[in-house]
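[1] need coordinates for the below:
(one chain, ligands or ions: 1)
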Amino acid sequence: MKKFPEGFLWGGACAANQFEGAWNLDGKGASVSDMCTNGTATTSKWITTTHHPDRLYPSHEAIDFYHHYEEDIALFAEMGFKVFRTSINWTRIFPKGWEEKPNEAGLAFYDRVFDCCKKHNIEPLVTISHYELPYALVEKYNGWESRELVGFFMNYCKAIFERYKDKVKYWLTFNEINAGTMTMGSILSLGTARGYEGPTAGIPDDMQARFQGLHHQFVASALAVKYAHEHYPQFQMGCMNIYAPAYPMTPDPKDILACQQRTQMTNYFCSDIQVRGAYPFYAQRYFEEHGITVKMEPGDEAILKEGTVDFYTFSYYMSNCLTTHEEDSGPSVGGNLVGGAKNPYLQASDWGWQIDPMGLRWSLNEIYARYQIPMMVVENGLGARDELTADGKVHDDYRIDYLRLHIEQMAQAVADGVDLRGYTTWGPIDLVSAGTGEMAKRYGFIYVKKYDDGTGDLSRLRKDSFYWYKKVIASNGEDLA
Ligand code: BGP
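    Below you'll find the model as predicted:
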């Protein structure tokens, strides 16, 4: 069987807002994530319009990577990481988003982070925007609904491209850009819910604003890619999507069609534009049926054409079933933004995310058949409640099992012929959950003593999975025992 190619990029992925903390240090401004309180598996977190002193905002301290980056990157290096995916916190560089000059203290922090990666021979993979939109841009412009944001984003890109041109080669423009095709995306991804204060799960939907906002993100992404290609030919520019297969619950052709439509608008709509350079044919009818009119400026179509990405990346956690039959739908299950009906053949995590390793092989084949460009899985992992033993150990064999099964299926996809270049597990070190704001939902190989009530001394401990992943990397994915 074909093996993982030589030079395969093994590593882990984090997002600045979920692990840096230091939310208002050294000139940093507030991002959308900094306005979010914590929730639980069953109680939605809130977004607030101002900070309430009696509530907990988990991003404010998170696991304080800001002050622990040397120790943390050294631990990644100990596992043998070839790549470390992280994001730049937009508000460290442009606190409100519209400033002309970047904040030097913010830029200097990422110099230190990337230099540290280099010292350990770890290649950074940088997400430019990962749920870190400056909150000031929400207040003043209703986020991405406004065309102004394209210019602000370009300013930000130009500043970081120039500053890190010799340190960073791999860039992703927007994390899970297709979050914007779903209601929840209007909070963390698009910022198009100005003035809303309340549970993130209860956000009112404004499809017109969302799809207008998405259009601006497509233009911004394409302009950034085009600019990078023209000025920094060494850069590799990628897109990043949530990919969650939708399986028909019954063989009723109505269910098959429903899955096809969900797959088109949720899984492929954004990447069709970012990879192929034009709105897909099926968008027109969807827009008409939902009363959406996307306002485009002359030249936008050319920009989309000229700014197509070099590689495709995605997050993969689960699959879902869909049915048009009320009586067959059974209990529903959760997911990172996309839920669905329960699949009787699959187990789910404690948060209701259905575990489907074979779905990863299927997805890799589907996506590669469509685009035929290099791919990376840049998020995958199991959020679980870990137990710390008295002697400071975490026996997380459930996490090892989850990852092993997914890596086996990636190997199958490679043998199928998919051009897969890298794999970064989500949250190699415990961090704040994007969905619920919890610390209790842990993904890491490294345990962090930080708890849901905000307490904990922030010390770091190696879990059993730490030693396991080290072996996996050392053997280039051959030793999964
Ligand atoms: C993705 C996000 C990440 C991450 C992950 C896990 O949707 O890109 O930021 O958090 O999901 O989700 P959660 O933190 O809700 O468990």
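[2] what parts of the chain come near the ligand?
    15, 18, 175-176, 242, 315, 336, 379, 383, 426, 433-436, 441 (Cβ under 6 Å from any ligand atom). Where C-beta positions appear, they are placed from N, C-alpha and C, glycine not excepted.
[3] now do 5 Å
    A15, E176, N336, G383, S433, A434, G435 (Cβ under 5 Å from any ligand atom).
[4] the residues you listed: which two are farthest apart?
    Greatest spatial distance in the residues of the chain next to the ligand: E176 and G383, 15.8 Å, computed using Cβ to Cβ.
[5] single out whichever of the residues of the chain next to the ligand has the smallest pLDDT.
    Among these, N336 carries the lowest pLDDT, at 54.
[6] list the buried residues for stretch 71-80?
    If you call a residue buried by 16 or more other Cβ atoms under 10 Å, then stretch 71-80 has these buried ones: D72, I73, L75, F76, A77, M79, G80.
[7] save the residues you listed as a markdown table, and put in secondary structure, distance to S87 and pLDDT too.
    Putting the buried residues of stretch 71-80 into a markdown table (DSSP: H, G, I helix; E, B strand; the rest coil; distance: Cβ to Cβ, whole Å; pLDDT from 0 to 100) gives the following:
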| residue | secondary structure | distance to S87 | pLDDT |
| --- | --- | --- | --- |
| D72 | helix | 15 | 99 |
| I73 | helix | 15 | 99 |
| L75 | helix | 19 | 99 |
| F76 | helix | 16 | 99 |
| A77 | helix | 20 | 99 |
| M79 | helix | 20 | 98 |
| G80 | coil | 22 | 98 |
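[8] now, which of those residues sits nearest D416?
    Checking those against D416 by Cβ to Cβ gives G80 as the nearest, at 26.0 Å.
[9] the closest one reaches S475, doesn't it?
    No - using Cβ atoms under 8 Å, G80 is not in contact with S475, being 9.9 Å away.
[10] around the residue nearest to C239 when sequence neighbours are not counted, how many other residues sit close by?
    The spatially closest residue to C239, leaving aside those adjacent along the chain, is Q274, at 4.0 Å (Cβ to Cβ, 6 or more residues apart in numbering). By other Cβ atoms under 10 Å, 28 other residues sit near Q274.
[11] swap in Q260?
    By other Cβ under 10 Å, the residues close to Q260 number 14.
[12] show the pLDDT at it.
    As predicted, Q260 sits at a pLDDT of 97.
[13] so where do the helices sit in the stretch 101-250 of the chain?
    104-119, 135-141, 148-164, 185-188, 207-231 (DSSP state H, counting those that start in this stretch).
[14] most packed of the ones you listed?
    helix 185-188 (a mean of 26; mean count of other Cβ atoms under 10 Å).
[15] now tabulate the helices of the stretch 101-250 of the chain in JSON lines and tack on mean pLDDT.
    Output for these, formatted as JSON lines (pLDDT from 0 to 100):
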{"stretch": "helix 104-119", "mean pLDDT": "98"}
{"stretch": "helix 135-141", "mean pLDDT": "98"}
{"stretch": "helix 148-164", "mean pLDDT": "98"}
{"stretch": "helix 185-188", "mean pLDDT": "96"}
{"stretch": "helix 207-231", "mean pLDDT": "98"}
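[16] for those helices, which one sits closest to F65?
    It's helix 104-119; of these, that one is closest to F65 (Cβ to Cβ) at 8.6 Å.
[17] got the angle between the host helix or strand of A74 and helix 104-119?
    Per DSSP states H and E, A74 falls inside helix 65-79. Helix 65-79 runs at 10 degrees relative to helix 104-119, counting by axes from the mean of the first three to the mean of the last three Cα atoms, to 10 degrees.
[18] who touches S189 in this structure?
    Contacts for S189 (Cβ atoms under 8 Å, 6 or more residues apart in numbering) come out as Y131, L133, F174, N175, E176, I177, A179, G180.
[19] how about a cut-off of 10 Å?
    S189 makes contact with 32, 129-131, 133, 143-144, 174-182, 210, 213-214, 217, 337, according to Cβ atoms under 10 Å, 6 or more residues apart in numbering.
[20] helices and strands around the helix holding A74, which ones?
    Here helix 65-79 touches strand 9-13, helix 16-19, strand 83-87, helix 104-119, strand 446-448, strand 460-462, helix 464-474, going by 3 or more Cβ pairs under 10 Å, 6 or more residues apart in numbering; DSSP states H and E.
[21] any chance of those in CSV, plus distance to C36?
    Below are the helices and strands packed on helix 65-79 laid out as CSV (distance: least, Cβ to Cβ, whole Å):
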stretch, distance to C36
strand 9-13, 20
helix 16-19, 9
strand 83-87, 16
helix 104-119, 21
strand 446-448, 19
strand 460-462, 24
helix 464-474, 28
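[22] secondary structure for the residues of the chain next to the ligand - can I get that in JSON lines?
    Formatted as JSON lines, the residues of the chain next to the ligand follow (DSSP: H, G, I helix; E, B strand; the rest coil):
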{"residue": "A15", "secondary structure": "coil"}
{"residue": "E176", "secondary structure": "coil"}
{"residue": "N336", "secondary structure": "coil"}
{"residue": "G383", "secondary structure": "coil"}
{"residue": "S433", "secondary structure": "coil"}
{"residue": "A434", "secondary structure": "coil"}
{"residue": "G435", "secondary structure": "coil"}
